[in-house]
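[1] generate coordinates for the sequence data below:
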Amino acid sequence: MKNIPTDLLRTFVTIKDLGGFTSAGELLGRSQPAISLQIKKLETLLDTQIFLRGSSLELTEDGEYLYQVAKQLLEINDRIVDRLRGDSVSGRVRLGIPNDFELAFLPKALRNLSRTYPNIMVEVDCDISKVIYQRFQKHQYDICLVMEPEKEHEDRDSRDYRLDHLAWVMSHDNVSDTGATPLVAYPQGCLYRTMLERVLEKASQPYRIVYTSPSLTGIMSAVEEGLGMTAMASSVVPPHLATALKTDRLPLLGSVSIGLYYREQELSVATRHVLDFLRAGLANLTPPPSLATC
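    Just a heads-up that it's a prediction; the model follows:
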């Protein structure tokens, strides 16, 4: 009977979770050739192919099965080690995050975290990015995720941010009238609102704010009822809403940077684990399949 080394399974699962061999190597402290060699050993051991060759990390049917059961095995392994060693990681981590991303990937990231580190308590606070970052600067959070205008030069760790297109978001039966573009927006200070107004004014496209709300629920409800359109990062748009990068009447909104901020010298063991899971969640965000330019 063959035994599968857990380090090979952990490497495989990390590659899939983080979306790349390089990212997995950085997290696990191994070079990319070493990571590739581990995957080759795993495939040889199981006498199967787990990644489709020439694809962007797409799994074979065997790979999909292995990914699901490997996660379960690793969770059991980690729970056993934590329980029997008697030194489970614990602590409180304060996290600030924009409203949109509260629903996009945070529940899944925290669920995965709690399965591996059940004694880490994460306190989550949601608001617009500008407010979140101001609070972070006042040391109210250990980690924060904020959305900012795309930077010309980005010097952060590539795992700590991603670029995303802004998309126009509307109900499927919403048709903009021939007058001013109706907008549903967060209050002044929100990056979405700032970019919406700037782009429309530059295009000499008249607009009117028909609904303002500080909550994502309020914004989505107004859009779903057809009161107007809004803008969101394409990777967090709810699948039941219509999206477009631009239309004949609506200009291209541009891109934003979605990134993590933390103080490296102040990271506790618990905070580092939370950071790793947030990085994985950020890497796995994908635009909705319906996104198009029309």
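[2] strands along the stretch 151-294 of the chain, start to end?
    In the stretch 151-294 of the chain, the segments counted as strands under DSSP state E, counting those that start in this stretch are 161-170, 181-185, 207-212, 230-233, 242-244, 255-262.
[3] quick one: the last one to strand 161-170, angle?
    What it means is strand 255-262. Taking axes from the mean of the first three to the mean of the last three C-alpha atoms, to 10 degrees, one finds strand 255-262 and strand 161-170 inclined to each other by 130 degrees.
[4] can you check the third one too?
    Relative orientation of strand 207-212 versus strand 161-170 (the same axes, to 10 degrees): 90 degrees.
[5] strand 207-212 pairs with which strands?
    Sheet partners assigned to strand 207-212 using DSSP bridges are listed as strand 181-185 (parallel).
[6] quick one on the thing from earlier: between the strands of the stretch 151-294 of the chain, which gets nearest to G63?
    Each of those was checked against G63 via C-beta to C-beta, and the shortest separation belongs to strand 161-170, namely 24.1 Å. All C-beta spots, glycine's among them, are computed from the backbone N, C-alpha and C.
[7] pop the domain breakdown of this protein in here.
    The chain breaks down by automatic domain parsing into domains covering 6-85, 91-162+256-283, 165-255.
[8] same list (those) but as a markdown table, adding mean neighbour count and mean pLDDT.
    Formatted as a markdown table, the entries for those read as follows, by neighbours: other C-beta atoms under 10 Å; pLDDT from 0 to 100:
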| stretch | mean neighbour count | mean pLDDT |
| --- | --- | --- |
| domain 6-85 | 16 | 85 |
| domain 91-162+256-283 | 18 | 88 |
| domain 165-255 | 17 | 87 |
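[9] for T286, find the nearest of the strands of the stretch 151-294 of the chain.
    Shortest distance between T286 and the strands of the stretch 151-294 of the chain, using C-beta to C-beta, is found for strand 161-170: 10.1 Å.
[10] which residues of the stretch 1-150 of the chain fall in helices?
    Defined through DSSP state H, counting those that start in this stretch, the helices belonging to the stretch 1-150 of the chain, from first to last, are 6-18, 21-28, 32-46, 61-85, 99-104, 106-116, 129-137.
[11] what would those helices look like in a markdown table with distance to H240?
    Written out in a markdown table, the entries for these read as follows (distance: least, C-beta to C-beta, whole Å):
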| stretch | distance to H240 |
| --- | --- |
| helix 6-18 | 26 |
| helix 21-28 | 31 |
| helix 32-46 | 37 |
| helix 61-85 | 26 |
| helix 99-104 | 13 |
| helix 106-116 | 18 |
| helix 129-137 | 24 |
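[12] so who does the spatially closest residue to Y207 that is not a sequence neighbour touch?
    With sequence-adjacent residues excluded and distances taken as C-beta to C-beta, 6 or more residues apart in numbering, Y207 is closest to T181, at 4.2 Å. For T181, the contact set (C-beta atoms under 8 Å, 6 or more residues apart in numbering) comprises L200, Q205, P206, Y207, R208, G228, M229, R249, L250.
[13] cool, R115 as well?
    Taking C-beta under 8 Å, 6+ apart, one finds E75 in contact with R115.
[14] gap between it and Q72?
    Shown here: R115 relative to Q72, a distance of 10 Å by C-beta to C-beta, to the nearest Å.
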